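Participant: Return atomic coordinates for the entry below.
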Amino acid sequence: MTAAETIDPGLEVRGLRLGTLAGVSVRGEVELVSVPALTAALDDAIRTTSGPFVVDLTGVDFLDSSGIACLVRARALLGRHDRQLVLVCPPGAPRRALLLTGVDDLVPLYDSRDELARALG
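Facilitator: Take a look at the predicted model:
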């Protein structure tokens, strides 16, 4: 996935490359209706990349429990191949949802791509 792909009227997923890291950038609302399409996009992107995988949620306005489950599922899929999931999620409602559900205990969270780049050195 290299170009922006609208996978649901309220959701867009774009392939992402941050230095040596591959992943996707998500924009819109991640909720029950859009999660099946997001799951398919993540599965495809995970299958065609290697190493740590970044999901940039900077453009996400809304994240419900089905979206969180989708991200946890992606983490499990990556874990089968000793790969790490990394999330970029600035302060706001989606990040609060991740913190309240304890996802930050499972997956590293960064406020921005710049913060992630600094952490990687």
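
Participant: all strands for the protein, in order.
Facilitator: Per DSSP state E, the chain carries strands over the ranges 5-8, 11-18, 21-30, 53-63, 85-88, 109-110.

Participant: Have a look at the chain and report its longest helix.
Facilitator: Using DSSP state H to define each element, the chain has its longest helix at helix 65-79.

Participant: Which elements pack onto it?
Facilitator: strand 21-30, helix 35-47, strand 53-63, strand 85-88, helix 93-100 (3 or more C-beta pairs under 8 Å, 6 or more residues apart in numbering; DSSP states H and E). (C-beta placed from N, C-alpha, C; glycine too.)

Participant: Can you give the contact residues for that helix?
Facilitator: 30-32, 34-35, 38-39, 42-43, 46, 53, 55, 60, 84-85, 87, 97-98, 101, 103, 106-107 (C-beta atoms under 8 Å, 6 or more residues apart in numbering).

Participant: and it, how far from the chain's centre?
Facilitator: Taking C-alpha atoms, centre = their mean, to the nearest Å, one finds helix 65-79 lying 9 Å from the centre of the chain it belongs to.

Participant: And stretch 41-55, by the same measure?
Facilitator: For stretch 41-55, the distance to the chain centre is 10 Å (C-alpha atoms, centre = their mean).

Participant: do the same with stretch 81-91
Facilitator: Centre to centre, stretch against its chain (C-alpha atoms, centre = their mean), the figure for stretch 81-91 is 7 Å.

Participant: likewise stretch 86-96?
Facilitator: On C-alpha atoms, centre = their mean, the centre of stretch 86-96 falls 10 Å from that of its chain.

Participant: That one spans what distance, first to last residue?
Facilitator: End-to-end distance for stretch 86-96, by C-alpha to C-alpha, to the nearest Å: 16 Å.

Participant: circling back: buried members of the contacts of helix 65-79 into ChimeraX, please.
Facilitator: Command for ChimeraX that selects the buried part of the contacts of helix 65-79, burial taken from 16 or more other C-beta atoms under 10 Å:
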select :30,31,34,35,38,39,42,46,53,55,60,85,87,97,98,101,103,106,107
